[in-house]
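S.K.: fold the following and give me the result.
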Amino acid sequence: MKKILYLLFIISLASCCKKPPLPPPCTNCPPEVDSNNINVSILIDLSDRIDPNTNPNPTMEYYQRDAEYIKAIEKGFINHIKSKKIITYDDQMQVFFNPEPSDPKINDFTKELKVSFNKDVPKRYFDSVDKKYAELPLNIYQSAIKDGKFVGSDIWEFFKNKVNDYCIKQDKRNILFILTDGYMYHENTKFAEGSKTSYLTTKLIKANNLTTSDFKNTIEKKGYGFVKANDDLKNLEVIVLGINPEKGNPFEEAVIKQYWENWFKEMKIKKYQIKSADLPSNLEPIILKTISGK
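M.R.: Below is the predicted model of the structure:
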């Protein structure tokens, strides 16, 4: 009898210690994100904000500031890659406009600015990328200014229909820089849903009476803001550079930033920064730190 009880005890003990079966392998799971591999995108607003005749700045023209911001972004991108082991290279960077400029030269420049690094790239490729980003962005702005057809920048439509395909790679850390003055307008997507709009102009800010220190309460009570363009962008970091309010309303810049901040939160963007059109030497450390993630 004792032997039988002892045998039953051993069997029960063995069954308790048995490891549970492993779950079946996931077939539809998204790839695991490697935050050390980065996907950097730059969306450029080629509206008349860059026109030195319409918006002159004697200290440094806004298109020149943009070109220097882009150089700083490229510098941060290259610094990040050089900090990695060659075998882990899997990074890319590209430039976008929305809508695409009519000048085919600008589109050709954009193709040249799409760069990617893997473990097989030769050392000379680094110098090639540096050269492209030192020269081509300025060529883009000069061509756009010479063309003079400033059709606006459809940032809202970009977030609605393109950002997921163009700027998000499921296995990478995704960073989007937007170079804009903060005003959002394009005739093809100008609409309102209740108190929210797909655009923001200084005229709208005045019409909504956002010209006093109480603007935040007004925005909250009236429900002012951008129409949500996307439901879930948690895998995207966004940095807006170049906010440049029109003169006459001391609260205009803060209103613009509030619109953008609320919009990002609605689209579940967790990491974002919204910076004014400061001198490149002041913004470069912020850009480099953002890309390094440190």
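
S.K.: got the confidence number for Asp108?
M.R.: What the model reports for Asp108 is a pLDDT of 92.

S.K.: ugh, wrong one, I meant Leu7
M.R.: For Leu7, the model assigns a pLDDT of 51.

S.K.: quick one: the helices in the stretch 1-150 of the chain?
M.R.: 2-17, 62-82, 104-112, 124-147 (DSSP state H, counting those that start in this stretch).

S.K.: for the ones you listed, which one ends up most surrounded?
M.R.: Most buried of those, by mean neighbour count (mean count of other Cβ atoms under 10 Å): helix 62-82, with a mean of 21. From N, CA and C alone the C-beta is placed, and that goes for glycine too.

S.K.: in three-state terms, label the spatially most central residue of the chain for me.
M.R.: Computing the C-alpha centroid of the chain and ranking residues by Cα atoms, centre = their mean puts Leu176 first, at 1.9 Å. Judged by DSSP: H, G, I helix; E, B strand; the rest coil, the three-state class of Leu176 is strand.

S.K.: tell me if I'm right that it and Val240 touch.
M.R.: No. Leu176 is beyond contact range of Val240, at 9.3 Å (criterion: Cβ atoms under 8 Å).

S.K.: re earlier: including distance to Asn164, could the helices of the stretch 1-150 of the chain go into a markdown table?
M.R.: As requested, the helices of the stretch 1-150 of the chain are exported to a markdown table (distance: least, Cβ to Cβ, whole Å):
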| stretch | distance to Asn164 |
| --- | --- |
| helix 2-17 | 48 |
| helix 62-82 | 21 |
| helix 104-112 | 19 |
| helix 124-147 | 25 |
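
S.K.: can you say which of the ones you listed is nearest to Pro250?
M.R.: Nearest to Pro250, of all the helices of the stretch 1-150 of the chain, is helix 62-82, at 20.7 Å by Cβ to Cβ.

S.K.: CA atoms only for that closest one - export them in CSV, please.
M.R.: This file holds the C-alpha atoms of helix 62-82, laid out as CSV (Å, rounded to 0.1, in the frame of the first residue of the first chain):
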residue,chain,number,x,y,z
TYR,A,62,13.8,81.5,-43.8
TYR,A,63,14.7,79.3,-46.7
GLN,A,64,18.4,79.5,-45.6
ARG,A,65,17.4,78.6,-42.1
ASP,A,66,15.5,75.6,-43.5
ALA,A,67,18.6,74.5,-45.5
GLU,A,68,20.7,74.6,-42.4
TYR,A,69,18.1,72.7,-40.3
ILE,A,70,18.3,70.0,-43.0
LYS,A,71,22.1,69.9,-42.7
ALA,A,72,21.8,69.5,-39.0
ILE,A,73,19.3,66.6,-39.4
GLU,A,74,21.6,64.9,-41.8
LYS,A,75,24.5,65.4,-39.4
GLY,A,76,22.5,63.8,-36.6
PHE,A,77,21.6,60.9,-38.9
ILE,A,78,25.2,60.3,-39.9
ASN,A,79,26.4,60.6,-36.3
HIS,A,80,23.9,58.0,-35.3
ILE,A,81,25.0,55.5,-38.0
LYS,A,82,28.7,56.0,-37.2
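
S.K.: now that helix: how far from the chain's centre is it?
M.R.: Mean C-alpha position of helix 62-82 versus that of the full chain (Cα atoms, centre = their mean, to the nearest Å) differs by 14 Å.

S.K.: one step back: looking at the helices of the stretch 1-150 of the chain, which is nearest to Gly225?
M.R.: Using Cβ to Cβ, the nearest of these to Gly225 is helix 62-82, at 25.6 Å.

S.K.: residues contacting that closest one, please?
M.R.: If you take Cβ atoms under 8 Å, 6 or more residues apart in numbering as the criterion, helix 62-82 is touched by 38, 40, 42, 44, 49-50, 52, 55, 89, 91, 93, 95, 117, 126, 129-130, 133-134, 137-138, 141-142, 145, 177, 179, 181, 241-242, 244, 277, 279-280, 283-284, 287-288, 290-292.
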